[in-house]
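Enquirer: could you look at this predicted model? Sequence included:
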Amino acid sequence: MKTIPFSYHLYHKPTKKHYYGIKYSSGFGPDDLWVRYFSSSKIIKSLISEYGKDSFIATVRKIFDTGEQAVLWEHRLLTRVKAAQREDWINRHNGNKKFHWSTPHSEKTKQKIKSKLTGLKRSNKTKQKMRDSAIIREEARRSSGWKMPVEDVKRRAELLRGVPRTTEMIAKMSASKTGTKRQYLPNGSYIMVKSQKDQ
């Protein structure tokens, strides 16, 4: 079956909430919406289990030539309506091309990336700028409503549970936390940041 990327809107009648999504996986098209495709959202699936499929009004909104076009469109639309910050929207994030779109690198590309990074040395000033930028990105992402999926948290915990920690690993972990403190974000979560005097 031919793949036809598309975006769709769902309206949940009992809760009066909206959801906007896209589908670009192999073998799916607009005609499959609410026939054999019912969104990948776990919240939507939960609402279907509780209220039934008929509690939704499903509408195809736009058709695209490529999956990447669909991803970019979804990001623009959800950002414009600020879906993640609104109580009347089910979406937990405003979409992001990096969040959705992931094409595996070819071996040639991997080698090219590796050759550019091998032996690369960055100054302490550059490293600090990279750390600062990462903190700002993480804070913005979390304050916009993003949370790590429960499944990912559990999977990470399971992976770490059986990993023996060497004395060197423990020393590195301890050193990385020296001079840092918790900085709480609006949603109650926190990130570890260095105090201004240590930067």
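Expert: Yes, it's here. Residues are numbered from 1 along each chain as shown.
Enquirer: okay, now the domains of this protein?
Expert: Per automatic domain parsing, the structural domains of the chain span 6-100, 124-198.
Enquirer: where among these is average confidence lowest?
Expert: For the domains of the chain, the weakest mean pLDDT is recorded on domain 124-198, namely a mean of 73.
Enquirer: can you put the domains of the chain in TSV and add distance to Lys112 and mean neighbour count?
Expert: Quick note: C-beta positions are derived from backbone N, CA and C, even for glycine. Converted to TSV, those look like this (distance: least, C-beta to C-beta, whole Å; neighbours: other C-beta atoms under 10 Å):
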stretch	distance to Lys112	mean neighbour count
domain 6-100	20	16
domain 124-198	21	11
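Enquirer: export the ones you listed to a markdown table and append columns for distance to Thr118.
Expert: Formatted as a markdown table, the domains of the chain follow (distance: least, C-beta to C-beta, whole Å):
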| stretch | distance to Thr118 |
| --- | --- |
| domain 6-100 | 24 |
| domain 124-198 | 17 |
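Enquirer: CA-only coordinates of stretch 14-31, as CSV, when you get a sec.
Expert: Extracted in CSV, the C-alpha atoms of stretch 14-31 (Å, rounded to 0.1, in the frame of the first residue of the first chain):
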residue,chain,number,x,y,z
PRO,A,14,-16.8,14.4,26.2
THR,A,15,-13.8,16.5,27.4
LYS,A,16,-14.0,19.1,24.6
LYS,A,17,-10.3,18.7,24.0
HIS,A,18,-8.3,18.9,20.7
TYR,A,19,-5.4,16.9,19.4
TYR,A,20,-3.3,17.5,16.2
GLY,A,21,-1.0,14.8,14.8
ILE,A,22,0.7,13.5,11.7
LYS,A,23,1.2,10.1,10.1
TYR,A,24,4.0,9.3,7.7
SER,A,25,4.8,5.6,8.3
SER,A,26,5.0,3.1,5.5
GLY,A,27,1.7,1.8,4.2
PHE,A,28,-0.6,4.4,5.7
GLY,A,29,-2.6,7.2,4.1
PRO,A,30,-5.5,9.6,4.9
ASP,A,31,-8.1,6.9,4.2
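Enquirer: check the offset of it from the chain's centre.
Expert: Remark: stretch 14-31 is offset 17 Å from the chain centroid, using C-alpha atoms, centre = their mean, to the nearest Å.
Enquirer: let me know the outermost residue of this protein.
Expert: Thr167 (33.8 Å; C-alpha atoms, centre = their mean).
Enquirer: need the residues that contact stretch 55-66.
Expert: 4-14, 20, 24, 30, 33-34, 44, 47-48, 70, 73 (C-beta atoms under 8 Å, 6 or more residues apart in numbering).
Enquirer: change it to 6 Å
Expert: Residues external to stretch 55-66 that are found in contact with it (C-beta atoms under 6 Å, 6 or more residues apart in numbering): 5-14, 30, 33-34, 70.
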